[in-house]
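1. predicted model and sequence below, questions to follow.
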There are 2 protein chains.
Amino acid sequence: MLKEERQQLILQILNDEHKVIASDLSKRLAVSEDTIRRDLKELDSLGLIKRVHSGALRKGPPVVDFSTRQTISNETKMALANKALEFIKDEMVVLIDGGTTNLHLAQQLPLSLKATVITNCPHIAISLNNHKDVEVIMLGGTLFKESMVNLGIDTVEALNTMRADLYIMGIYKIDAQIGISVPSLSEALVKRKMVNISTEILAMVTSDKINTVSNHIVCPTNQLTYLVTEQLNPDIKAMYANQGIQVIDE
Amino acid sequence: MLKEERQQLILQILNDEHKVIASDLSKRLAVSEDTIRRDLKELDSLGLIKRVHSGALRKGPPVVDFSTRQTISNETKMALANKALEFIKDEMVVLIDGGTTNLHLAQQLPLSLKATVITNCPHIAISLNNHKDVEVIMLGGTLFKESMVNLGIDTVEALNTMRADLYIMGIYKIDAQIGISVPSLSEALVKRKMVNISTEILAMVTSDKINTVSNHIVCPTNQLTYLVTEQLNPDIKAMYANQGIQVIDE
DNA sequence: CGAAAAGGGGCATAAACATGCACGAAAGAA
DNA sequence: TTCTTTCGTGCATGTTTATGCCCCTTTTCG
């Protein structure tokens, strides 16, 4: 593995996990701790990471947990969420899973909305506390702390007895050919079930997720009904539109 | 855990709770008091906190935003929660339902705890985000916004397949003769189920709840194993102790 | 005052670190 | 090609850091 490649990987891991431990990286990337240390020193001197004893932290936001992560989030996601609002109407049964963009959506839902929301994300459930005409159904399961959603066999089984008009799917990675993918199997299983019980599916995607792939495939992209994104390269937009997806990007 | 991470957590806790006690932090963050002292000293020298004997205070806004009553009551609840901590040990399966006192308990659980926590309260699930050795199992159901817990037939059914070593019951009203009672039927049903699947039951009760009654009876008080309270009138204390309950009130 | 809690300084130790050196692979020049 | 240079890496070394423990002092509070 090339040095550049490795350092890129470290940055990506750091971005996902908010911190890295030198000794841990050494094992995961199969190089000596010395090499990792040299990498970290270099990345730090470039101002890309914050080096600390034992490892490194993400530079900008001192992220400590999910609840703070959402407060520092960017306007792009808020804007996407805002565009998606129009698809949620009174009397609907809306299924919302995890992800920061989805959380923004939940927070922007009008207080007057009369609907049923099904979710496996505790943060989303809580954020609907003040919506007195929204019935919130929480899906149980084992809390998966990386993405703060409930997963597992119990979650899938609970979904067996439900159906939804609209599924707001949190997107981790999406590729027009390969499909929608996530890093863990149990997440893929639950999302797949959610796809199956929903009439329409909406995904909000920031451009950095477009045409990237992770380990476990949830479903092909042509399952999507709506794709809400930032402004897209016309070629890419066409790729999705040709699959019958309604792309909202202006 | 990295030093910077820990200090970040301290700042966050301080922000939430307006003050921190060194000995308490030591338990919650699972490091020695010496380390906490060094952290606090460091944060103080950076001007981020105000170090005082036995702990630290928030730098910025002085604590006057809550009514005194509210603050006092919060501190009582924190103290109760603190007393209850000793009953939670590694490898236990702990069932925790809703209530502000229970939430305080969850927030004070040591980071080093290795256990399984089952809860129907999304806030409690979220507060265990940083406890990497605590497996959190969330009970699904319909979110009951008055008390922020999931209730309903799904909740009861999920409980059918579980058992717990200790049930930390949130108390709404309690009376030595009539028993433990709550204002809604579905809450009573879920709590009753939780009682049935638990080996021991612990309740934390502020004195204003003692000998009061609500609409739906959950169970008689003699089902309780432990009753953690503020200092009690000896007569009242005897009433509970005579039922075989271990009363902790010092 | 006196006990108990909190603090401070010093010490020990394990983990993390910096540095110099050696080896091998890739790149470039003869 | 073959020799030389450079670069990235791993290893051995002595150093620094983070932390817990001990002992003694200071503070708090009944």
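-> Arrived safely, thanks for sending. For clarity, every value in this text was computed on a predicted model and none was experimentally measured.
2. make it CA atoms for all contacts and neighbour counts henceforth
-> OK.
3. buried residues, stretch A:241-249. List them.
-> Within stretch A:241-249, the residues that qualify as buried are A:241, A:245, A:246, A:247, A:248, counting by 16 or more other C-alpha atoms under 10 Å in any protein chain shown.
4. please save the CA atoms from that stretch in PDB.
-> Below are the C-alpha coordinates for stretch A:241-249, written out as PDB (Å, rounded to 0.1, in the frame of the first residue of the first chain):
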ATOM      1  CA  ALA A 241     -33.400   9.800 -14.000                       C
ATOM      2  CA  ASN A 242     -33.100   7.100 -16.600                       C
ATOM      3  CA  GLN A 243     -33.800   4.500 -13.900                       C
ATOM      4  CA  GLY A 244     -37.200   6.100 -13.400                       C
ATOM      5  CA  ILE A 245     -36.200   8.100 -10.300                       C
ATOM      6  CA  GLN A 246     -37.600  11.600  -9.900                       C
ATOM      7  CA  VAL A 247     -34.500  13.600  -9.200                       C
ATOM      8  CA  ILE A 248     -34.900  16.900  -7.300                       C
ATOM      9  CA  ASP A 249     -31.700  18.900  -7.400                       C
END
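5. starting at the chain centroid, how far to it?
-> 20 Å (C-alpha atoms, centre = their mean, to the nearest Å).
6. for that stretch, give the mean pLDDT please.
-> The average pLDDT for stretch A:241-249 rounds to 94.
7. just stretch A:156-165 next, same as before
-> So the average pLDDT for stretch A:156-165 ends up being 96.
8. residues in contact with it?
-> Identification of contacts with stretch A:156-165 by C-alpha atoms under 8 Å, 6 or more residues apart in numbering or on different chains yields A:92-95, A:139-140, A:189-190, A:193-194, A:197-200.
9. ok, now with 10 Å
-> Residues outside stretch A:156-165 that contact it (C-alpha atoms under 10 Å, 6 or more residues apart in numbering or on different chains) are A:88, A:91-96, A:116-118, A:138-141, A:153-154, A:186, A:189-201, B:140-141, B:154, B:158.
10. buried ones among these?
-> Here, 16+ other C-alpha under 10 Å leaves A:88, A:92-96, A:116-118, A:138-141, A:154, A:186, A:189-191, A:193-198, A:200-201, B:140-141, B:154, B:158 buried among the contacts of stretch A:156-165.
11. ok, and of these, which contact DNA strand C?
-> Contacts with DNA strand C are made by none of the buried ones among the contacts of stretch A:156-165, judged by C-alpha under 7 Å from any atom of the strand.
12. where does chain A have low pLDDT?
-> Filtered on pLDDT under 70, chain A yields the residue ranges A:60-73.
13. again, 80 this time
-> Within chain A, the ranges that satisfy pLDDT under 80 run A:1-2, A:15-16, A:59-75, A:250.
14. longest helix in chain A, please.
-> Counting residues, the longest helix in chain A under DSSP state H turns out to be helix A:3-17.
15. which residues touch that one?
-> Contacts of helix A:3-17 (C-alpha under 10 Å, 6+ apart): A:2, A:18-21, A:25, A:29, A:31, A:35-36, A:39-40, A:42-43, A:48-49, A:56-59, A:63, A:146.
16. any idea how far the closest residue to chain B within chain A is from residue B:125?
-> Closest to chain B within chain A is residue A:140: 3.7 Å, counting by C-alpha to the nearest C-alpha. As judged by C-alpha to C-alpha, to the nearest Å, residue A:140 and residue B:125 stand 11 Å apart.
17. find residues that contact each of these two.
-> Counting by C-alpha under 10 Å, 6+ apart, the residues touching both residue A:140 and residue B:125 are A:122, B:119, B:137, B:138, B:139.
18. got the residues of chain A near DNA strand D?
-> Counting by C-alpha under 7 Å from any atom of the strand, chain A sits next to DNA strand D at A:1, A:2, A:3, A:30, A:31, A:32, A:33, A:34, A:35, A:52, A:53.
19. re the thing from before, pretty sure the residue of chain A closest to chain B contacts residue B:143?
-> No - Residue A:140 is beyond contact range of residue B:143, at 11.3 Å (criterion: C-alpha atoms under 10 Å).
20. which neighbours do the two share?
-> What both residue A:140 and residue B:143 touch, as defined by C-alpha under 10 Å, 6+ apart, is the set B:120, B:150.
21. longest strand of chain A?
-> Using DSSP state E, we find that the single longest strand of chain A is strand A:198-205.
22. may I have the strands that pair with it, each with its orientation?
-> In the sheet, strand A:198-205 lines up against strand A:164-169 (parallel), strand A:226-229 (parallel) (DSSP bridges).
23. for these, give me JSON lines that also has mean neighbour count and distance to residue B:226.
-> Putting those into JSON lines (neighbours: other C-alpha atoms under 10 Å in any protein chain shown; distance: least, C-alpha to C-alpha, whole Å) gives the following:
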{"stretch": "strand A:164-169", "mean neighbour count": "23", "distance to residue B:226": "44"}
{"stretch": "strand A:226-229", "mean neighbour count": "22", "distance to residue B:226": "53"}
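24. what residues does chain A have near DNA strand C?
-> Counting by C-alpha under 7 Å from any atom of the strand, the residues of chain A that sit close to DNA strand C are A:21, A:22, A:23, A:34, A:37, A:38, A:41, A:52, A:53, A:54, A:55.
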